[in-house]
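Enquirer: Predicted model follows, preceded by the sequence.
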Amino acid sequence: MDRLRLGLVGYGYWGPNLARNFHQLPEAWLVACADADNARLAEAARLYALQQTANDARALIENPTLDALVIATPARSHFELVSQALNAGKHVLVEKPLALTSADARALTDLAQKNKRVLMVGHTFEYNPAVWKIQELLDAGALGELYYIYANRVNLGRVQTDINALWSIAPHDVSIMLALLKQMPLSVSAHGATYLHQGIEDVVFALLNFPNNIVGHIHASWLDPSKTRQMTFVGSEKMIVYDDVDPEAKLKIYDKGVYKRGDAFGEFQLRVRSGDLYIPKIDLTEPLKYECAHFLECIRDNKTPRTDGENGLRVVRVLEAAQESLKQNGTPIQLNSMDADKRG
């Protein structure tokens, strides 16, 4: 079977990772790349023997020999580039977030359905074996009743000037929470602070209130002394710490909890229980490789991607609500019942 011919738009920060992974997949043939920087284009052409390079994405969009486009450009350009690519009959993999408004995300999703093209969003952590293991544990009820989740995704850099830390960093943790809980939050609130560039929050704290009294908290910042990529899941029976930067123990499962103990007088006391620590073996295959292979599979087999346009839209809905809360100094923003039930 012929390989799928791909074009990559954007060879800056994330584009090289996408190019490397698609180049390693036998089902794909990376033949074209567009970027505004000629030096970056020259590097891509040297590494992958490209048939076409261009400074303007339209050259790839209008190339009839390309089956799909992979878009790794700044978020502000996503709506225009994705819509043009879909209208040109291309399948599209676009980096997160899908768009900067839910209206644009909805329009792109509808356009992909109308044109019968695969639209997939690069929520890479939904292709992470560690996240799959957490899903397995939650589905099996291993944690008991899930109480809350909190995420720390901080680093010194990469500072941006067109979108804040919420839109740049938090999409990862939002997508993980929505995927694992299989539902939308009922409300979202957020606080943030600006230090480096007027009007662009460098640090954001977002609170997602889910059904069944489950709380999700996200700390996102590019102004922090250490690189942390950690999520903690607290349940009534067990707790999980997911540390994405730990090369040997990405998941730690703690047999810990608090339970009620009755006495002779019918009263209850709260007791702390501390058991074993378990570190499961996790597949260390690069999640981006799984993501890229899934995109090709969906094109070949006419499948709906795990992170399709609807998935991307849900993440944008949460980010949009958090952004509105930032504007309102932390006022909780309610997501209507129809949105909350989409994954229920």
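Expert: Nice, thanks for sending it over.
Enquirer: Test for you: state the pLDDT assigned to Lys342.
Expert: The per-residue pLDDT reported for Lys342 equals 43.
Enquirer: Then Arg273?
Expert: 82.
Enquirer: Can you get me a residue count around it?
Expert: Residues lying near Arg273 (other Cβ atoms under 10 Å) number 11. Backbone N, C-alpha and C define where each C-beta goes, glycine included.
Enquirer: next one: Asn115
Expert: Residues near Asn115, counting by other Cβ under 10 Å, number 15.
Enquirer: In PDB, list the C-alpha atoms belonging to stretch 40-52.
Expert: Extracted C-alpha coordinates of stretch 40-52, given in PDB (Å, rounded to 0.1, in the frame of the first residue of the first chain):
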ATOM      1  CA  ARG A  40      15.000  25.900   9.500                       C
ATOM      2  CA  LEU A  41      13.700  24.900   6.100                       C
ATOM      3  CA  ALA A  42      17.300  24.000   5.000                       C
ATOM      4  CA  GLU A  43      17.800  21.800   8.100                       C
ATOM      5  CA  ALA A  44      14.500  20.000   7.400                       C
ATOM      6  CA  ALA A  45      15.300  19.500   3.800                       C
ATOM      7  CA  ARG A  46      18.700  18.100   4.700                       C
ATOM      8  CA  LEU A  47      17.400  15.700   7.200                       C
ATOM      9  CA  TYR A  48      14.400  14.400   5.300                       C
ATOM     10  CA  ALA A  49      15.200  14.900   1.600                       C
ATOM     11  CA  LEU A  50      12.100  16.900   1.100                       C
ATOM     12  CA  GLN A  51      10.600  17.400  -2.300                       C
ATOM     13  CA  GLN A  52       9.100  20.800  -1.500                       C
END
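Enquirer: Show me which positions of it end up buried.
Expert: The neighbour-count check on stretch 40-52 (16 or more other Cβ atoms under 10 Å) flags 40-41, 43-45, 48, 50 as buried.
Enquirer: In helices, which of those fall?
Expert: If you go by DSSP state H, the buried residues of stretch 40-52 have 40-41, 43-45, 48 in helices.
Enquirer: so where's the stretch 1-150 of the chain shaky on pLDDT?
Expert: 1 (pLDDT under 70).
Enquirer: Could I get the full set of helices for the stretch 51-200 of the chain?
Expert: 58-61, 78-87, 102-115, 129-139, 165-169, 171-181 (DSSP state H, counting those that start in this stretch).
Enquirer: picking that back up, so can I have a markdown table of the ones in helices among the buried residues of stretch 40-52 showing distance to Ala34?
Expert: Output for those, formatted as a markdown table (distance: Cβ to Cβ, whole Å):
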| residue | distance to Ala34 |
| --- | --- |
| Arg40 | 10 |
| Leu41 | 8 |
| Glu43 | 14 |
| Ala44 | 10 |
| Ala45 | 12 |
| Tyr48 | 13 |
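Enquirer: Go ahead and confirm Gly309 touches Leu119.
Expert: Yes. Gly309 is in contact with Leu119 according to Cβ atoms under 8 Å; the separation is 4.4 Å.
Enquirer: hang on, the earlier thing: so which of the helices of the stretch 51-200 of the chain gets nearest Tyr195?
Expert: helix 165-169 (10.9 Å; Cβ to Cβ).
Enquirer: Check which helices and strands that closest one sits against.
Expert: Applying 3 or more Cβ pairs under 8 Å, 6 or more residues apart in numbering; DSSP states H and E, one finds that helix 165-169 contacts strand 187-193, strand 203-209, strand 215-221, helix 309-327.
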